[in-house]
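>>> quick one: sequence and predicted model below, then my questions.
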Amino acid sequence: MSKLRLIIQESWLVMLAAFVSGLLMAATDLGLAGRIEQNKQQRLKELMAGLLPQASSFTELESRFSLSDAKGRSQPVVVYRAADSQARCVGWAFVAQGQGFSDRIELIVAVDAGFTRLAGFRVLTCSETPGFGDKIRQPDFQRQFEGAPGGGLELVRFGDRSKVDQQIVAITGATVTSNAVVEILNKTLEGLRSQMMEKGLIGDAG
């Protein structure tokens, strides 16, 4: 009987310890979640400001947008309206994402007010191979997109990176990652442009 009582007592203590530990972990996660999200939003604003320096404010649109991922699932896309000090629209910014060589790639992308030209992109999340795929963070690769057409981009293996047009020169040894960036941009730009025109935010209806 004493052994049974001891087993019950020890089991109760283990369950209590697990419960308290779970509460502490949940409280820690809850406390950090707000800070993590705040830091992410701050980084997002800094990157948008760098892509559209003529903007003095970025306002999240109330209209909702979504795009299908590789598995056909609908993924929400938040779009920001960039305005100058006179409240005139000077561009749009949004997060574009898709599958890279190793993992998902997240980009913050900016376009002009007419959604016809890219202002550029910056990398939010990238776990590509160091020294190869992660070179999408480097200025010489990103500069090819600054002023490029807002869609119909084409990846080429060789070319002049200083020339800004539809042809994007791949990173040597990281063709898959380079192509992923081009595909992410083409798909997101095409999908968002269509939805924004339907909502009268750009185009003849704007």
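Looks like it arrived, so ask away.
>>> show residues contacting stretch 193-206.
61, 63, 65, 79, 92, 113-115, 150-151 (C-beta atoms under 8 Å, 6 or more residues apart in numbering). C-beta here means a position set from N, CA and C on the backbone, and glycine is covered the same way.
>>> how about CSV for these, with distance to residue 141 and pLDDT added?
Formatted as CSV, these follow (distance: C-beta to C-beta, whole Å; pLDDT from 0 to 100):
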residue, distance to residue 141, pLDDT
61, 29, 95
63, 32, 90
65, 27, 95
79, 25, 96
92, 22, 98
113, 25, 96
114, 25, 94
115, 23, 95
150, 18, 93
151, 19, 91
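>>> ok, and the most crowded of those?
residue 92 (27 neighbours; other C-beta atoms under 10 Å).
>>> show me the shaky parts of the chain.
Applying pLDDT under 70 to the chain picks out residues 1-18, 21-37, 204-206.
>>> domains in it, by residue range?
By the assignment in automatic domain parsing, the chain contains the domains 1-51, 53-198.
>>> just those: most buried one?
Highest mean neighbour count among the domains of the chain (mean count of other C-beta atoms under 10 Å): domain 53-198, with a mean of 16.
>>> which parts of this protein are strands?
Counting by DSSP state E, the segments of the chain that form strands are 57-60, 65-68, 74-77, 79-83, 89-99, 104-111, 118-125, 154-156, 167-169.
>>> can I get the ones you listed in JSON lines with distance to residue 131?
Output for the strands of the chain, formatted as JSON lines (distance: least, C-beta to C-beta, whole Å):
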{"stretch": "strand 57-60", "distance to residue 131": "33"}
{"stretch": "strand 65-68", "distance to residue 131": "31"}
{"stretch": "strand 74-77", "distance to residue 131": "30"}
{"stretch": "strand 79-83", "distance to residue 131": "33"}
{"stretch": "strand 89-99", "distance to residue 131": "20"}
{"stretch": "strand 104-111", "distance to residue 131": "16"}
{"stretch": "strand 118-125", "distance to residue 131": "15"}
{"stretch": "strand 154-156", "distance to residue 131": "20"}
{"stretch": "strand 167-169", "distance to residue 131": "18"}
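>>> which stretches in the chain count as helices?
Assigned by DSSP state H, the chain shows helices spanning 2-51, 139-142, 175-198.
>>> orientation of the last one relative to strand 79-83 in degrees?
Regarding helix 175-198 and strand 79-83, their directions subtend 70 degrees when assessed with axes from the mean of the first three to the mean of the last three C-alpha atoms, to 10 degrees.
>>> just the CA trace of helix 175-198, in PDB.
Extracted in PDB, the C-alpha atoms of helix 175-198 (Å, rounded to 0.1, in the frame of the first residue of the first chain):
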ATOM      1  CA  THR A 175      20.500  29.400 -60.700                       C
ATOM      2  CA  VAL A 176      17.700  27.700 -58.800                       C
ATOM      3  CA  THR A 177      17.600  30.400 -56.100                       C
ATOM      4  CA  SER A 178      17.900  33.200 -58.800                       C
ATOM      5  CA  ASN A 179      15.000  31.600 -60.700                       C
ATOM      6  CA  ALA A 180      12.900  31.300 -57.500                       C
ATOM      7  CA  VAL A 181      13.300  35.100 -57.000                       C
ATOM      8  CA  VAL A 182      12.200  35.800 -60.600                       C
ATOM      9  CA  GLU A 183       9.200  33.400 -60.300                       C
ATOM     10  CA  ILE A 184       8.100  34.800 -57.000                       C
ATOM     11  CA  LEU A 185       8.200  38.400 -58.300                       C
ATOM     12  CA  ASN A 186       6.400  37.500 -61.600                       C
ATOM     13  CA  LYS A 187       3.600  35.600 -59.900                       C
ATOM     14  CA  THR A 188       3.100  38.100 -57.100                       C
ATOM     15  CA  LEU A 189       3.200  41.200 -59.400                       C
ATOM     16  CA  GLU A 190       0.800  39.600 -61.900                       C
ATOM     17  CA  GLY A 191      -1.700  38.400 -59.200                       C
ATOM     18  CA  LEU A 192      -1.700  41.700 -57.200                       C
ATOM     19  CA  ARG A 193      -1.900  43.900 -60.300                       C
ATOM     20  CA  SER A 194      -5.000  42.100 -61.500                       C
ATOM     21  CA  GLN A 195      -6.700  42.300 -58.100                       C
ATOM     22  CA  MET A 196      -5.800  45.900 -57.600                       C
ATOM     23  CA  MET A 197      -7.200  46.900 -61.000                       C
ATOM     24  CA  GLU A 198     -10.400  45.000 -60.100                       C
END
